[in-house]
Each structure stands twice: as structure tokens, then as C-alpha cells.
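need a 3D model of the following:
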Amino acid sequence: MSGMLNRAAVIGGGAWGTALAQVCARAGREVVLWAREPEVVEAVNTRHENSTFLPGVPLDPLMRATGEMADLADADFVLSVAPAQHTRAALAAFGAHARAGLPIVLCSKGVEQGSLKLMSEVLAEAVPQAVAAVLSGPSFAGEVARGLPTAVTLACEGDALGWQLAEAIATPTFRPYLAGDLVGAEAGGAVKNVLAIACGISEGRGLGRSAHASLITRGFSELARLALALGGQAETVAGLCGLGDLVLTCSSPQSRNMSVGLALGGGQTLEEALAGKLSVAEGVASAPAVRDLARRLGVETPICEAVAAILAGEVGVDDAIRGLLSRPLREES
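The predicted structure follows:
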């Protein structure tokens, strides 16, 4: 069955896009990686390395990079890995080359600013003829690219297509678990980036491990409430794409979002925290969108609210922490 999905295209030549292209190559697929940056295309094709976003990781020599969307036209399936706030533009540019029924797997985590839409909603507007799937879970690009063991959620509405996609990208060290709930998978990925900033702030302020564990647990409650309000399922966010991703992103300074929080907690401004970073910390852009979306749906998300307020400069770190700790006492569930 996997022979039916042999040609893979990856949109987005950052660290995660490159890692997923490497996964496809390891799984025996023909893979073309589209990158916006000519230097990335050149480095992948000539030196088999993405020295800009994933330095020091040798890439499969069969992986081909391009700067032309037209080169992706004959793909059997596409992985969309442009940053969340650029996904609409990237998909719109690809749309003219997408045949009807083409599976597009959304691999970026975030809520679009302005529209407050999830990536599957963005895809439905930008490439309406495509079929959506979502790939999300605890996965650091460098580890995946080097072939360290990783398990992810692959959410897809049709069982048959889900199995085909899973077989097309599975390797001995990259294990997709199937789900049918795209919204839950997306909500988990979008909200955990915001919560990772909160955990980084806590760590940077030296608030201790107990506070860290509390933030992850109470943050997971916010994530689950928002996912349910959007129409997602509780069991989805209790899996790899919600709880699993939250634990990873909130527990390692290797996480781009957590490292931004660490800098803020240590007293840096947002500008200083982001200075010199090539890779995007999705939570910075998603935080105001998550806050607005939660308010629109009437969902309480005090930790996400606090992060958005800190990032917007509306409140200082210490005042935000005091605000969270002085909330009225209540029952846990």
C-alpha cells in the first residue's frame, strides 16, 4: 500500500522541515524539500547539510532541495512545515500545483493571528482541493534528523489514508500513532508552545521544580479545555500530541519556546530574548492568538493569558506571577 505514496514533498526548509524530509528519505521515499532560502537549497543539494537551520547533521544524499513550488507538483503527499504564521502564504503559493485529493500533512503548530484559525482551517481556505492530516507530538528536529527514537500522533479523517500516510513515513526510529481527531491534535500543539514559555519564565526566575510541575499540570487543563471547546476530544490531547508534546517542550531548554521564557524570566526583554535566533519560537506569535481565541470561546486560560500579557509588555513577570498565585481558591477539576 505504501508504494502508492512514494513521492514526498516538504514545504519549509527550517530545522523541522529538514528533519521530516530526512524521515521520508529514511523511509525509502523520493523527497523534494522546498526552501525559501537559496543558501539552504544550495547547501542541501551540494553538501547534504542544512548548515543554516540544522548544522552538523548529515542529510540523506537522495534528498533534493528546490526553491520552485512547481517542482512539488508530482508529489503523492505533502508535508507543510512553514512556520504557522507563514503557512497561509506558503500553501497559497503551492495551491496552483496541488491536484484534487492531494494529502497535505500539517506539521506546524500554532493559531493564525488575526483570523484565529487552526492550520487545518487555513489549509481549507488556501488549498480547498487538498485532504488535510496533522502530524504533532514530542519531537525535537535535531533528534529526529539524527534518527533518535520518536513517536508522534498522525491525525487523519480517513482510516485508509491514515494508514497509507503512516506507512509512508514510518521508520524503525520514527513511529506515527494514528488518530481521527485533527482539531485535538492541532490544539495540543498550538497551546503547548505558549505554556512552554510560561515554564521557561518560571525556570528563569528560579521558582523551583514544584512550580514547574504545577504549571505543566494546570497548563494541561487549559490546553484540554480549549481543545474541547474547539470540538477536539479529551483522549487526543491526553496522548502524544498534547500531554507528550507539553512535557517535552516544557522540560528542555533545547525547546525554542522554553528558551525564550528562560530569557524573559532571567530579566531580558522580548527583543533581547529573540535576538540572533534564526528559528521561530511559534509560541511568541501564537500567545496573543490563543488568548483571543480562548476569550472568544469563553474558556478560562489564566496561564496563557499571563504569557500573552508578558509578551505584549502589558505586565511585568513578577506581577504576572503574583496575579496567577492570587487567583481565587477553587476546586481542582
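
now I104, what's its secondary structure?
The three-state label given to I104 by DSSP: H, G, I helix; E, B strand; the rest coil is strand.

could you check how far it is from F174?
Computed as C-beta to C-beta, to the nearest Å, the I104 to F174 distance reads 19 Å. C-beta coordinates here come from the backbone N, C-alpha and C atoms, glycine included.

neighbour-wise, which of these two wins?
A direct count of neighbours by other C-beta atoms under 10 Å for I104 and F174 places I104 higher, at 26 against 22.

quick one: that one and A132 touch, right?
Yes - the criterion here is C-beta atoms under 8 Å, and I104 meets it with A132 at 6.2 Å.

need the overlap of contacts for the two.
L123 (C-beta atoms under 8 Å, 6 or more residues apart in numbering).

give me the neighbour count for the closest residue in space to K277 that isn't next to it in sequence.
Leaving aside its sequence neighbours, K277 sits nearest to R256 (C-beta to C-beta, 6 or more residues apart in numbering; 7.1 Å). By the criterion of other C-beta under 10 Å, R256 has 23 neighbours.

give me every residue that touches R256.
R256 touches 277, 279-282, counting by C-beta under 8 Å, 6+ apart.

can you check A309 too?
315, 320.

correct me if wrong, but it is in a helix.
Yes - assessed by three-state DSSP, A309 belongs to a helix.

what's the distance between W34 and P302?
From W34 to P302 the distance is 40 Å (C-beta to C-beta).

more neighbours, the two?
Higher neighbour count among W34 and P302: W34, with 27 against 16, using other C-beta under 10 Å.

does the more buried one touch M63 like I think?
No - using C-beta under 8 Å, W34 is not in contact with M63, being 11.8 Å away.

what does stretch 83-97 rub up against?
So stretch 83-97 is contacted by 11-12, 14, 34, 69-70, 72-73, 78, 80, 82, 104, 106, 108-113, 119, 122-123, 125-127, 190, 280, 282, 285-286 (C-beta under 8 Å, 6+ apart).

same question for that stretch, mean pLDDT?
What stretch 83-97 shows for mean pLDDT is 97.

so which bits of that stretch are buried?
Residues of stretch 83-97 classed as buried by neighbour count (16 or more other C-beta atoms under 10 Å): 83-88, 90-91, 94-95, 97.

hmm, back to that, buried ones among the contacts of R256?
280-282.

nearest to S136, of the residues you listed?
Of all the buried ones among the contacts of R256, E282 has the smallest distance to S136: 11.8 Å, by C-beta to C-beta.

tell me the domain ranges of this structure?
Following automatic domain parsing, the chain resolves into domains at 2-180, 183-325.

the last one spans what distance, first to last residue?
Right, the one you point to is domain 183-325. 31 Å (C-alpha to C-alpha, to the nearest Å).

chain center to that domain: distance?
13 Å (C-alpha atoms, centre = their mean, to the nearest Å).

cool, and the first one?
With C-alpha atoms, centre = their mean as the basis, the distance from the averaged C-alpha position of domain 2-180 to the chain average is 12 Å.

coming back round to it: dump the domains of the chain into a markdown table; add distance to E331 as well.
As requested, those are exported to a markdown table (distance: least, C-beta to C-beta, whole Å):
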| stretch | distance to E331 |
| --- | --- |
| domain 2-180 | 29 |
| domain 183-325 | 12 |
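
between those, which gets nearest to S333?
Shortest distance between S333 and the domains of the chain, using C-beta to C-beta, is found for domain 183-325: 8.3 Å.

state the mean pLDDT of the closest one.
For domain 183-325, mean pLDDT is 95.

residue nearest the centroid of the chain?
Most central in the chain under C-alpha atoms, centre = their mean is K109, positioned 2.9 Å from the mean C-alpha point.

contacts only, for that one.
Going by C-beta under 8 Å, 6+ apart, K109 touches 84, 136, 186, 189-190, 192-193, 245, 282, 286.

how about the strands in the chain?
Applying DSSP state E to the chain gives strands spanning 7-11, 30-34, 64-66, 77-80, 103-106, 131-136, 150-156, 174-179.

and the shortest one, which strands flank it?
According to DSSP bridges, strand 64-66 forms sheet pairs with strand 30-34 (parallel).

what lies in contact with the partner strand?
Residues outside strand 30-34 that contact it (C-beta under 8 Å, 6+ apart) are 6-13, 17-18, 21, 24-25, 44, 60, 62-69, 71-72, 75, 94.
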